[in-house]
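Visitor: A predicted structure for the sequence below; I have some questions about it.
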Amino acid sequence: RLPKKVTIKEVGPRDGLQNEKKIISTAEKIAWIDSLSEIGLSYIEVSSFVHPKWIPQLADAEEVLKKIKRKHDITYAALVPNLKGLERALKVNIDEVNIFMSASESHNRNNINKSIEETYPVLEEVIKEAKGAGKTVRGYVSTVIACPYEGSISPEQVKKIADRLFTMGIDELSLGDTIGVGVPNQVERLLEELLPYFAVDKLAMHFHDTRGTALANIVKSLEMGVTIFDSAIGGLGGCPYAKGASGNVATEDLLYLLQQMGVETGVDFHEALRSAQLIENILGKELKSRQMEILRAE
Ligand code: HMG
Ligand code: MG
């Protein structure tokens, strides 16, 4: 009943690092991303072409994209908020353009300085230009379960935004529980709202694990046919513009779950742990995933 194979989209170098206060060097980022390219992933979100004042950690997006060793079977993607960001991303030949907005008015405002209505025309232009340049576009919608400022968000609101974004031409939509509040029956309600309208293979789930519910939510999503999951090595991550948001579900914890459930990912668990150790050393702090804790205890 579960999918045989799923795709893990590694967002650690973007979502993971954007929340780290200690600025790490471009060379260290490149070394880590190059190690991620060796573990069997097919997709890595490597940086963000947002305003460097908003996310100083990722101000070196161009350098990173230029200097990583790209493998032909991996999609290297980055966040792009507007045309200025797109121009920067295209110059360094990004493979996929990832646009983003929020299902909640106040998180959208805090995160990208615009109302939801003001955001659509900006994203529409980015999508059009990106497509014109031959790129695929991934959309993100944040706060799909709840917003740190407004509380719960209705599945209908998420559906409305998904509809607009797919109509504008996105190829895939990642649904973000940005602050990690969701539980499986909420995920079920959300997917029940969306699945009659959107193909399941165009939807990805993006769970932050603030309250330890991410894996439970992933199992529910798997049971409902979802085959694309975002995660970050070491459980790094969080949105600086969402109060209380902590790390993404850890890639190595997700790998353990999927492997034990007999779901293929193509990603090597032990290599993933080695890559986690590399970024742990670079950041100089213990990563909080279950698998890294087990490794340290051994
Ligand atoms: P703004 O200040 O409203 O931008 O920021 P603006 O259009 O008014 O421009 C102001 C100045 O910024 C101008 O320069 C622009 O050129 C410059 P000036 O003329 O004054 O010298 N500028 C830029 N420079 C470089 N790159 C750019 C860019 N754009 C404008 N792309 C903006 C609007 C969207 C840019 C800003 O709010 C921003 O960068 N926000 C980023 C927030 C962010 O990265 N948040 C985290 C990612 S989202 C997330 O984590 C959630 C997710 O993981 C899913 C989930 O968990 O749910 C995806
Ligand atoms: Mg996120």
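Guide: Looks like it arrived, so ask away. Numbering: from 1, shown residues only. Ligands and ions are numbered 1, 2, ... in the order given.

Visitor: Closest residue of the stretch 51-200 of the chain to ligand 1?
Guide: Distances between the stretch 51-200 of the chain and ligand 1 by CB to the nearest ligand atom are smallest at Gly176, namely 2.2 Å. For the C-beta atoms, the positions are set from N, CA and C on the backbone; glycine is no exception.

Visitor: any residues touching the helix or strand where that residue lies, and which ones?
Guide: Secondary structure assignment for Gly176, by DSSP states H and E: strand 172-177. When contacts are defined by CB atoms under 8 Å, 6 or more residues apart in numbering, strand 172-177 is touched by residues 9, 136, 138-146, 158, 162, 165-166, 187, 190, 194, 198, 202-208, 214, 217, 228, 230.

Visitor: Within range of ligand 1, give me the residues from the stretch 151-298 of the chain.
Guide: Residues of the stretch 151-298 of the chain found near ligand 1 (CB under 6 Å from any ligand atom) are 176, 178, 206, 208, 239, 241.

Visitor: For these, give me TSV that also has neighbour count.
Guide: Output for those, formatted as TSV (neighbours: other CB atoms under 10 Å):
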residue	neighbour count
Gly176	28
Thr178	31
His206	26
His208	29
Cys239	25
Tyr241	20
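
Visitor: Where is pLDDT lowest across the residues you listed?
Guide: Ranked by pLDDT, these bottom out at Cys239 (77).

Visitor: Is it in a helix, a strand, or coil?
Guide: Following DSSP: H, G, I helix; E, B strand; the rest coil, the label given to Cys239 is coil.

Visitor: how many neighbours does the closest residue to it other than its chain neighbours have?
Guide: Among residues not flanking Cys239 along the chain, Ala245 sits closest, at 4.6 Å (CB to CB, 6 or more residues apart in numbering). Applying other CB atoms under 10 Å, we find 25 other residues in the vicinity of Ala245.

Visitor: wait, Ala245 sits on His206?
Guide: No: in this structure Ala245 lies outside contact range of His206 using CB atoms under 8 Å: 11.6 Å.

Visitor: Downstream of the lengthiest helix in the chain, the next helix or strand is which one?
Guide: Secondary structure of the chain per DSSP state H: the longest helix is helix 116-132. Elements were assigned by DSSP H and E; along the chain past helix 116-132, the next helix or strand is strand 136-142.
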